[in-house]
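Peer 1: Provided below for reference: sequence and predicted model.
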Amino acid sequence: MSTPTEPTRSSIGRLNKLALAAIVCAVIAASGFWVFGVAVLAVFAVGAGHVALNQIQLRGERGKGLAIAALAVGYGIATLALVSTLGFIPTAVQQFSQ
């Protein structure tokens, strides 16, 4: 019996397209966070990253690193947004009380 010399398609695995979409959303959200206000794309990056991780595990696809990077960027932007919002509250309360 001879062993196959070419790797099979399942051993290579395809790149998960949702992981790629998640990292693209994360990069756009990170690059336009201060300039264009497109940080809302971080929500899509987080959602797509979680779904991509699930698909990668079930289907044996590649792209786990991309999905994890998208999650890290998305949650980082969410943390920055939360901190800036909490920092703005005292100023808003003081302004409305006058």
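Peer 2: Great, that's in hand.
Peer 1: which strands and helices sit next to the host helix or strand of residue 90?
Peer 2: Using DSSP states H and E, the element containing residue 90 is helix 64-97. Counting contacts by 3 or more Cβ pairs under 8 Å, 6 or more residues apart in numbering; DSSP states H and E, helix 64-97 packs against helix 17-31, helix 41-59. Quick note: C-beta positions are derived from backbone N, CA and C, even for glycine.
Peer 1: any idea which of those is most buried?
Peer 2: helix 17-31 (a mean of 20; mean count of other Cβ atoms under 10 Å).
Peer 1: So what touches it?
Peer 2: 38-42, 44-45, 48-49, 51-53, 55-56, 61, 63-64, 66-67, 69-71, 73-74, 76-77 (Cβ atoms under 8 Å, 6 or more residues apart in numbering).
Peer 1: How about stretch 38-54?
Peer 2: 16, 18-19, 21-23, 25-26, 28-30, 32-33, 63-64, 66-68, 70-71, 73-75, 77-78, 81.
Peer 1: in this structure, which residue is closest to the centre?
Peer 2: For the chain, the residue nearest the mean C-alpha position is residue 70 (2.6 Å; Cα atoms, centre = their mean).
Peer 1: Out of the helices and strands in this protein, which is least certain?
Peer 2: Every helix and strand of the chain was ranked by mean pLDDT, DSSP states H and E. The lowest is helix 9-12, at a mean of 56.
Peer 1: how near is residue 24 to residue 92?
Peer 2: Separation of residue 24 from residue 92 (Cβ to Cβ, to the nearest Å): 34 Å.
Peer 1: Spatially nearest residue to the residue nearest to the centre of the chain (excluding sequence neighbours)?
Peer 2: Distances taken as Cβ to Cβ, 6 or more residues apart in numbering place residue 22 nearest to residue 70, at 3.7 Å, with adjacent residues excluded.
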